[in-house]
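Visitor: what would the 3D arrangement of this be:
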Amino acid sequence: MTSLQRAGHITTDGRTPDGATRYAITNDGRAALHAWWSTLPDRGVAERDELTMKIVLALSQRDVTADDVIAEQRDAILRSMQDLNRSRRQSRGAPDTAWDLIVDRALLIARAELDRLAQVAQRHPQIASPTTTTEQEHTHAR
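Guide: Got it, this is the predicted structure:
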């Protein structure tokens, strides 16, 4: 909120009954919002690809293999996806489009990470054991 206020896009507009600051959008804020609807998301500097970093670093370690990292990461991602789906099922009382959009995005990112792990195993078979590659190919066949 502070950055929006500094940019002149919002201004304070009193307090709510519980004492929280209430904000109002300014004319400049409306113009910026209108322009924002039609622009591409700002991806900025590429995020740190921690998943790839873990695999690359594991290649130079003696106490862990890249195959171990791939398997552990895959299991962690699958657990995370189960938690997200469980959370979605538990919140099914009233429709919550905002929550569904957030969960959908998190699930898409998780699926992309699983695809990335499968791609690494497939394109770099020296990294993955035959079991890992076979399991990942089976996962993609479903």
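Visitor: pull the number of nearby residues for Asp104.
Guide: Neighbourhood size, Asp104 [other CB atoms under 10 Å]: 12. Backbone N, C-alpha and C define where each C-beta goes, glycine included.
Visitor: where does it fall, secondary structure wise?
Guide: For Asp104, the enclosing helix or strand under DSSP states H and E is helix 97-123.
Visitor: which residue ranges make up each domain of this protein?
Guide: The chain breaks down into these structural domains: 2-37, 50-141 (assignment by automatic domain parsing).
Visitor: and of those domains, who's closest to Arg43?
Guide: Nearest of these to Arg43, taken as CB to CB: domain 50-141 at 13.7 Å.
Visitor: which residues of this structure score low on pLDDT?
Guide: The model of the chain has pLDDT under 70 over residues 44-46, 92-94, 128-142.
Visitor: how about the helix or strand that contains Arg30: buried residues?
Guide: Assigned by DSSP H and E, Arg30 falls within helix 27-37. Neighbour-count burial for helix 27-37 flags Gly29 (criterion: 16 or more other CB atoms under 10 Å).
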